[in-house]
Structure formats: C-alpha cells, structure tokens
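> here is my input; please provide its structure:
(2 chains)
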Amino acid sequence: MDSISRRSILAGGAAIGAAAGLGVAPARAQAWPARPITMVCPWGAGGGTDQTARIVASILERDLKQPVSVVNRTGGSGVVGHSAIATAAPDGYTIGMITVEITMMHHQGLTDLNPTSYTPLALMNEDPPGVQVPANSPYKNVKELADAIKAAPAGKFKASGTGQGGIWHLALIGWLGAMGLKPDHVAWVPSNGAAPAMQDLAAGGVDIVTCSVPEARAMLDAGKARSLAIMADQRNPQFKDVPTLNEMLGIKYSVGAWRGIAAPKGLPADIQARLVTALKSAYESKEFQEFMAARGFGTKFADPAGFASFMANGDKMMAEAMKAAGLAKKA
Amino acid sequence: MSSSFLAAFPLVFTQDVLIAMIASAIYGMVVGALPGLTATMATALLVPVTFYLSPIAAIATIITSSAMAIFAGDIPGCLVRIPGTPASAAYTDEAYKMTLKGQAETALGICLWFSALGGIVGTIALVLIAPALAEVALSFSTFEYFWLAILGLMCSTLVARSSPVKAIAAMLLGLLVSCIGIENPAGTPRFTFGSTDLLGGIDAIAALVGVFALAEVMRAVTQKDPPSIPDRKLGSILKGQIELTKRYPKQQIRGNIVGTLIGALPGAGADMAAWVSYSLSKRFSKEREKFGTGHPEGLVEAGASNNAALAGGWIPALLFGIPGDTITAIAIGVLYMKGLNPGPTLFTEKASSMYALYIIFLLANLLMIPLGIAMIRISKHVLKAPRSLIMPVIMVFCAVGAFSAAGNNLYAVLIVAFFGIAGYLMEENGFPVAAMVLGIVMGTMVEQNFVTSLIKSDGSILPFLSRPIAAFLAFLTFIALFWPLIAWLRRYKASLDAAAPAR
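Okay, the predicted model is just below:
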C-alpha cells in the first residue's frame, strides 16, 4: 500500500511537471536544455535501477528546469536499453542509467557495446552482494556455511539470485574462487531476478542466494531468511549486524552491482559539464541520500574521469572472472 | 485482514481511480456494443493508457471496461442479431427472437441484470477462493509451477472450439515465439539474427494487440456493415427482473458457478462460459422445447455465466501469473509493469491492493446497471457509427499504443503488424489464436521452471512426480492431454453401437 501511494504521487507529480514544462519551453532561451530530456532505464519499472533512475530524474528536473522522463527500455538482459542509450543522438536530450552489465555483456558476445561506448557522467550507487540462507538453515554464520560448502561434493549446494552469468552468479564464483574452489562447486540455479530467487530460498528450493542485502530485505524482514555476510570492504550502515567476508573468513573479495548515468558517445563538453554539475548536486542532495538510505541502497559517486576508470577496472575484473567461470565467449 | 480491508478503501475511492473507472466503463460499453470489437480488444487498446495511471487505477480500467464490454455485447445481439462480442454469440438467436416477439426490453433487461449478478457472484468466488489458494501456493516450488504451466497450455488447447490438432499447432507456434530472445535459463540468444530488438524477445502485449485488435480490423474490412436497428421506443428495462430472478434461481446459480470455473480454466473465457451454460440450461430445462423461440431461461443462465467468468479468470492470473482468459493475459503484463507481480506473495505483502481489486470488481458490476440502461437507450446511435470511421481509429490506436508501451520503440509497431497478419490468417484457417497467445505468455514460464527444477534435482525427473502436489498436477495434465483421444474413442464406440442395429 505504502509503495503504491508513493508511486501514484510520483506519477502525478511527473505529469504536472511535464505539463508545466511544456508550457514554458518555447519561452526559454535556446541554451541546453530547451526541451524535455529522456532518461532510458534498461530495467523494468519498480526494480532498484528504476527507483534510482526515477529519484535522480526528479531531482535533475528541478535543477535543469526541464522535465526528465524515465523510459523503461527493457528486455534482452539489459542489452536493449543499453543499446538505446548508446545509439541515441549525443545532444544531451537522451541520457540513461547504465549498470554493471555493461562490463559483462560484451565478454559474453551479446553485444559490441562496452564502457567506452558512452560519455560517462556520474557513478551514483554500488551495492555489494550478500550471502543469504533460509531462516531454518543449520548454518549460524558464514564460516560454518563456508566449511560446509568446502566439505560437500561439487554441485550439492544450490545457489540462485539472478540469471546464468549475471552479476550475483559472478559474485558467487568469485567467492568460491577466493576459497580455492571451482566455479561450479556450488550449482547455479538461474532465476528471473532477486525476488523470485528469495522466494525460492524461503520455499526451500535453493540453499543460498547471493543477491544484495537490500534486494533480500522483504524476506529478511519477514523472518524467512537470514543474511550471513556481505562481499564488501565495509559493513553497510543500514544493515550493521551483517559482517563482511573479510571479518569472518579473512577473504578480501569484494564486488558490486553499480549504477551510473551516461550519455551517448560524443556529447558536447559544455552539456557534459552542466549535467555533471547537476548530477553531483543531485547526489549530494538530502533527498537522494535519504531515499537511498531508506531502501538500504549504497551510494558511491565518481566524476566522469573517475567513473570511466572505475568501469575500465570493473571490465578487466569481469573479463578474468568470466573467463575463469567459462562464461566468456571463446574467441 | 480487516486492517488491510479498510486500507483498501482509500486506495479505491480516490479521484483518479473513480474517474478512470467511469471513463473506462463508458469506453467498454461502446466498444462492446460495436459488433466485431471484442472485450479482449478493448483491454488491449487500454494498455498504453494504463501506463500513465497509478497501479490501482490501471487495474480498475481493465476490470471495468472488460465487464462492461461483455454485457454491452448483448445489445446488438438482441437488437440486430449480431453479437457485439463473441461472449454473446451463444444466445444471440434467443435474444433476437424475444425482440421479434416484442420483448426487447425484457431481453436486454435480463442481459443487464444477470450480467451484474453474475459479475458479483464471480467476485465473491474470487474473494473466497484466491486467498485460500494463495496459502497453498506459497509452498509451490519450480516443480509445481512447471506442471501448472503445462496444465494451462493443455487446457487452452482442450477448450478451443476447433480441431485439437490445430489448437495444439497454434499453441506450439506460441511456444516457439516465446523462445526468441535471451530471456531463457542459459541466457543464450536464440533466433535473434544479430538484432538487438529481437534479443529482447517478442513483447507479449504487442503480439496480443496485433492478434486481437489489428486482426479484427482486417476482418472488418472484408465484411459488410451491419444492418441498422429498427426504430422503436424501449419500455422499462428492469421491469420483471426480480420476478425472473425468483423464477430461475437454479439456472442462475448454475450459470454463476460454471462461469467462474470456466473462467479460472486457463485459455477459456467468457465466450466458452456462455456456450457451456446455454447448453447446460437447455439440457436441464423443464421446457426444453421453448429454447430457440425467445425463451428467457437460457439467457438468464448464460448471461450470468459470461460475466462470472471474467472474475474467475483473475484467480489463476493473480495467484500464478497464468492467465485464465485472453483478457487476463493482457492484465498480467500490466500487473508486472505496475510492480504488482502476480504470485502468492501478492496476497500477503500487498493485501490491501488485493482488497482494492475486489472492491473495484463489485463497484464495476454495480456501475453496470445505471450505465447499461443508459447505453441501451442510446444504442441506436452507437450502432449507427460507420465501421469505415471506427476501424481506422482503432488501427491508429494499435500503432500508437504499442509504440508508447514499448518505451517509444518502433520495433513494437512492427510486432503488432506481424502478429495482426498472422492472427488474421490463423483465424481464417481455423487455428485458435487464444492457444497461441497462451503459448507466448507461458513459454518462458514452462522452460524456466523445467530447467531450474532439473538443476535443483541434479537432472533427475523423479521430483516432478514424487512431490504430492506436483504428482496431482501431473495427473491432471495427462488427463487434459489425452482427453481428445478419450472423447474420440467414446464417440467412435457410440457411433459403432448406433450403427450396428441399423444393418
């Protein structure tokens, strides 16, 4: 109920904003932005990426004095939306939220797009994976679970959280690798995202779900699952009781699903500068920080240069991880 | 329970929901009353509009417009002997005979009154059955979902009023379409030919708009305009309905129950419910000889049945994401779009939204009576609207709707065009498109649950049969699979028996 009234308020607000924006647009000077801006979101409405995109859009709207409408261009495991951003005209009127998948998809041979296909604007968020087990699981902490996994024959434990070769699958593989185990030591059960995986965890279908802690929140709050650890450098202030892998196992493995704003390649420098300023103040705004904190989403900022090198690093890491896991397309 | 029930009222009684309901009610009435435009088409064309509404208002428009369209389909059937929607076809002749006997107002009154009653009873069934089933469904794993999906597919071929072979062929075609793209368990692109758009698969909503709306426009082009209705003033519509309610209590209850059950069956919707209920009514009637001469009995039962089926269709749609009919096949897409993902958790985590949905169902059926009377009064003018004006407008709606629903993507318009032509050719040749639609909507579900189940069981198929609920569902599936064969054998044997003494 809560989310519905909030969404309808947002929708109503957006509609009013759009109406107002259309009214004043012709009267404004020709400087960018002279008309409404489209923000492409490669993932479905209601999900974490969509929520993040919408809050950023609503803050940008006030700063740029033009409507910023979020368009969900979904499908193809994110390829469709990412490609829509990359192939749009670089005039500043189409921007988009790109996600960690852009450093993964081209290794699988799904697309030629990679992080360098965009004009990076700002990194906004990063969420580390967690290790979730059912509430009635015999493992009290991640150390017990890790010992049980090591002792068990390959394929006995089943894990889920996203599709085959998705970010949470790679998180599991990375964790197993750090413990000296093979990528298929724990069998991966592909799912249509974190929510169905968590439901299957609660129904006893799988043993572990490696999605991020905020995604697991509904089942954690309902007392149907427990979060044993997160694969990050530090604890998440929203979930103070969940330790890191380093604390428990001495494994310094960290990875994360990130979201950032980018524009098509070839964006004029002055528009890029204006957008980066707007995004930076949106990131620093109380509204954004509170919105993200309320959902347990992590926040992480990087300017265009920092975002580009962040993606380049991630891309290299993913290439290795996916090759090791046999997920990369053989050249 | 009571707290979420109370929380549901403010969700429904808001300005946007109520305006959306009234507007979609009028829209549904008009579309339903126009011959050749179905309730499914009314729903399909609404999808892009729901984009701009709050979740509750979006669902309200679908529920309201489909309920109105199913009733309004009776109007031209009664007045000019052309059913407005296929759901009225079963008793069109009967209603028209009543009009010829000078009882047009009674016939229309029956359609209206018992449609509303049927809708309300169907809603009560939804309220009682769905949450109880949700409790059971919470323990469903991929094994059970696999059988449910297969069972749904088998039912959709079973209930099609065409040859089972053609129905199965249509269903398999739908399954093939659902293979396109990358949304499969292995995340491997299939049938994409290097196209980014095809990587995203075939959008079910665009395909549905094509099959149900565009194909209908094409069919209208090949047909003549319906005759205009004779000028005659109608008397009181609701007069004598209470008396009929008392005279045919059994027929009415039977119609409601049969309608709800058929609605809940995947693939079978309001039109099937009306056919079955009309023939049941005839079969068990004490005055069987009066059927076909303008007798109200069958009208009462079938009129109640097709509206009860509407609510019934929502039971599997909300619980499992398996559409009960073609209308809910579209509604499921809207539910996902609005973050109300179907599944048993919908009843626990979003209970107030569910109660809101029940309230909307009841309101829609109450709203039907005054609006229905108004519609009957002005039906003369609506039925005069020339097809050559209506059909191009619908065509534009199809294209614009698909374009905006897919996030301003021209590719969706191409899908509409392709499936419009495919749907037209299929229907013309006796292949039921509803079976194909079920295949498209549920193909991913079948594959996903089959593959993940096998991974979980280390490749063993035993858990598909050893889990008690899974085994029961498997048993039902095999009955559905072999039913055409059993029925054929029985008919064959009967014909042998009948033929033998004659020689």
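> quick one: the residue in the stretch 101-250 of chain B positioned nearest to chain A from residue B:412, how far?
Residue of the stretch 101-250 of chain B nearest chain A, by CB to the nearest CB: residue B:200 (2.5 Å). For the C-beta atoms, the positions are set from N, CA and C on the backbone; glycine is no exception. Going from residue B:200 to residue B:412 by CB to CB, to the nearest Å gives 10 Å.
> same thing with residue A:303?
With CB to CB as the criterion, residue A:303 and residue B:412 are 37 Å apart.
> residues from the stretch 101-250 of chain A in reach of chain B?
By CB under 8 Å from any CB of the partner chain, the residues of the stretch 101-250 of chain A that approach chain B are A:108, A:110-111, A:155, A:158, A:160, A:163-166, A:187-192, A:195, A:199-200, A:203-206, A:218.
> what about residue A:303 and residue B:412, which has more around it?
Neighbour count, other CB atoms under 10 Å in any protein chain shown: between residue A:303 and residue B:412, residue B:412 has more, with 25 against 14.
> which strand runs longest in chain A?
If you go by DSSP state E, chain A has its longest strand at strand A:118-127.
> which other helices and strands contact that strand?
Packed against strand A:118-127 by the contact rule (3 or more CB pairs under 8 Å, 6 or more residues apart in numbering or on different chains; DSSP states H and E) you find helix A:48-64, strand A:94-99, helix A:213-221, strand A:257-264, helix A:269-284, helix A:304-325.
> mean pLDDT for those: which is lowest?
Mean pLDDT values for these show the minimum at helix A:213-221, a mean of 84.
> how far does that helix sit from the chain's center?
Centroid separation between helix A:213-221 and its chain, computed with CA atoms, centre = their mean, to the nearest Å, is 15 Å.
> also stretch A:37-57?
Distance, centroid of stretch A:37-57 to centroid of chain: 11 Å (CA atoms, centre = their mean).
> now swap in stretch B:112-131 and tell me
Taking CA atoms, centre = their mean, one finds the center of stretch B:112-131 at 15 Å from the center of the full chain.
> same question for stretch B:449-467.
Relative to its parent chain, stretch B:449-467 has a centroid offset of 32 Å by CA atoms, centre = their mean.
> now do the same end-to-end measure for that stretch.
Stretch B:449-467 has an end-to-end distance of 15 Å (CA to CA, to the nearest Å).
> ok, it near chain A or not?
Yes: remark: stretch B:449-467 sits within contact range of chain A at B:451, B:452, B:455, B:456, B:458, by CB under 8 Å from any CB.
> and these, which are buried?
B:451, B:452, B:455, B:456 (16 or more other CB atoms under 10 Å in any protein chain shown).
> and the second one, what element?
This points to residue B:452. Assigned by DSSP states H and E, residue B:452 belongs to helix B:433-456.
> how about the following helix or strand past that helix: buried residues?
With elements assigned by DSSP H and E, the helix or strand that comes after helix B:433-456 is helix B:463-466. Buried residues in helix B:463-466, counting neighbours by 16+ other CB under 10 Å, are found at B:463, B:464.
> tally of neighbours for the residue in chain A that chain B sits nearest to?
Relative to chain B, the nearest point of chain A is residue A:75 (2.5 Å; CB to the nearest CB). For residue A:75, the neighbour count with other CB under 10 Å is 27.
> next one: the one 3 residues further on
For residue A:78, the count of nearby residues is 26 (other CB under 10 Å).
> from residue B:41, how far out is residue B:438?
17 Å.
> re earlier: which one of the helices and strands packed on strand A:118-127 lies closest to residue B:163?
Nearest of the helices and strands packed on strand A:118-127 to residue B:163, taken as CB to CB: helix A:48-64 at 44.7 Å.
> for the closest one, packing partners?
helix A:2-24, strand A:37-41, strand A:68-72, strand A:94-99, strand A:118-127, strand A:257-264, helix A:269-284, helix A:286-295.
> what angle separates that helix from strand A:118-127?
120 degrees (axes from the mean of the first three to the mean of the last three CA atoms, to 10 degrees).
> so how far is helix A:48-64 from its chain's centroid?
The answer for helix A:48-64 is 15 Å, by CA atoms, centre = their mean.
> which among the residues of the stretch 101-250 of chain A next to chain B end up buried?
Of these, these count as buried by 16+ other CB under 10 Å: A:108, A:110-111, A:158, A:160, A:163-166, A:187-192, A:195, A:199-200, A:203, A:205-206, A:218.
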